[in-house]
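Engineer: dropping the sequence and predicted coords here.
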Amino acid sequence: MSGTSGSVSAAAAADAEYEILCDVQADGSSTPFVRHYTTSGTGTPAVSDTALDGTTAYTPTGSVVRCGVSPNPQIDSTAQRQPGAGSVAIAAGARSVTLLVFAGSPTVAIGGGSAVAFPAGSSGTWSVDQGGKNGERLQDAFVFTGVAGSDFLVLSTREL
């Protein structure tokens with residue numbers, strides 16, 4: 001078999017990407033800005049920051065984080081087991097709520113709505129993925145209610 005061998009060269013292309021970030025101060029206030037990431041045709045990276053208009057130069061003075069996310073949120077967690085008759089209430093504002101049903105068919109009422117039964121062996125989770133000062137949280141309260149013979153566990157997290 002005959003042929004030739006060699007190499008092929010390709011010129012690297014320039015690339016530009018950006019994302020909106022927040023400059024968070026010690027007092028909790030934040031300023032959104034645009035961070036630009038560019039690479040030249042040689043692959044050399046460069047980063048620059050601008051105001052949201054995309055042209056006015058901006059220099060962060062605090063912690064740079066994704067907007068709506070606290071750099072180090074503190075999370076309070078609870079685990080409450082309810083054997084037999086009784087209820088567990090989770091106030092509005094939680095980041096996550098999980099129900100695990102071991103026996104019986106306890107009910108859950110969300111935000112004052114109609115109660116829905118969860119049979120033994122089932123589970124349910126309600127959650128958000130972004131926390132922080134301006135982050136997401138569940139807007140509704142949850143009330144889990146069991147009758148004689150019920151056994152369930154409610155887990156929750158809440159940002160402090």
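Structural biologist: Good, I have the coordinates.
Engineer: from here on, just use CA atoms for contacts and neighbour counts.
Structural biologist: Fine.
Engineer: check the gap between the most centrally placed residue in the chain and Cys22 for me.
Structural biologist: Closest to where the C-alpha atoms of the chain average out (CA atoms, centre = their mean) is Asp129, at 1.9 Å. Separation of Asp129 from Cys22 (CA to CA, to the nearest Å): 18 Å.
Engineer: leaving out the residues flanking it, which one is nearest to the residue nearest to the centre of the chain?
Structural biologist: Glu136 (7.3 Å; CA to CA, 6 or more residues apart in numbering).
Engineer: what's the local residue count around the one you found?
Structural biologist: The tally of other residues near Glu136 (other CA atoms under 10 Å) stands at 18.
Engineer: on that earlier part again, quick one: the residue nearest to the centre of the chain and Leu160, what's the gap?
Structural biologist: Taking CA to CA, one finds Asp129 at 15 Å from Leu160.
Engineer: likewise Gly112?
Structural biologist: 24 Å.
Engineer: cool, Ser48 as well?
Structural biologist: 33 Å.
Engineer: Arg81 is in contact with Gly146, isn't it?
Structural biologist: No. With contact defined as CA atoms under 8 Å, Arg81 does not reach Gly146; the gap is 10.7 Å.
Engineer: more crowded one of the two?
Structural biologist: Set Arg81 next to Gly146 and count neighbours by other CA under 10 Å: Gly146 wins out with 23 against 15.
Engineer: what's near enough to touch the residue lying closest to that one once chain neighbours are set aside?
Structural biologist: Spatial nearest neighbour of Gly146, excluding adjacent residues (CA to CA, 6+ apart): Pro106 at 4.3 Å. Listed by CA atoms under 8 Å, 6 or more residues apart in numbering, the contact partners of Pro106 are 117-119, 144-147, 150-152.
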